[in-house]
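S.K.: Fold the following and give me the result.
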Amino acid sequence: MSRRGSHAVEFALILPVFLMLVFGGIELLWYAIEVGKVQSALVAGCRGGAATGINMFTDPFDRAGEYISETVSRTSRFDCISGDCDIIISESDLTSPEVVWMDCTVHVDYKTLTNFIPGMPEEITAESSQPITRPLEEEDE
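M.R.: Purely as a prediction, here's the structure:
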C-alpha cells in the first residue's frame, strides 16, 4: 500500500501548528527585547535627570524627561521625541527630609510583528525611582 497521500495530509495538519510556534516564539522574543530596551533607557534617563540635581539652575524633573525621551528614541524603535510616548515624572513617596526621590514612568504603544499570539500587550510600561543628587552643604568652621 502507498502512504504518499497520508504523508501529505499529516504535513498539511502539522505545518500551521509549527508555523504558529515558530512565529509565536519570534513575537515573544521581540516583545521581551523591546521591554528590556525601554526599561534600560528609562532607568538611564531617570538616573541622568536625577544626577543633574546638583545644578541649582536646572530642574531635575525636566532634565529627566528630556533624557528619557532621548534615550528611549535612540535605543528602541519608539520615537518619544515626536511625542509617541507618555512620560510621567513626579516626586516619589520615598522622599524623606534627607533625600528627594523621583518616580519616572514611560508608556509606549506596542504593535506586534506577526499577530500570531492573541492577547499580546498593546503597551509597554516601564517604571524607575531614583534619588535626586543634592549639593553637599558646606560646614561652618
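
S.K.: At which residues are the helices of this protein located?
M.R.: 4-51, 60-75 (DSSP state H).

S.K.: And the pLDDT at the most centrally placed residue in the chain?
M.R.: Among the residues of the chain, the one closest to the centroid is residue 38, at 2.3 Å (CA atoms, centre = their mean). According to the prediction, residue 38 has pLDDT 91.

S.K.: Please tell me how far it sits from residue 29.
M.R.: With distances taken as CB to CB, to the nearest Å, residue 38 is found 15 Å from residue 29. Every residue, glycine included, has its C-beta placed from N, CA and C.

S.K.: Can you give me the separation between the residue nearest to the centre of the chain and residue 83?
M.R.: Taking CB to CB, one finds residue 38 at 16 Å from residue 83.

S.K.: just the helices of the chain: most buried one?
M.R.: helix 60-75 (a mean of 20; mean count of other CB atoms under 10 Å).

S.K.: chain center to it: distance?
M.R.: 12 Å (CA atoms, centre = their mean, to the nearest Å).

S.K.: I am finished for the moment; much appreciated.
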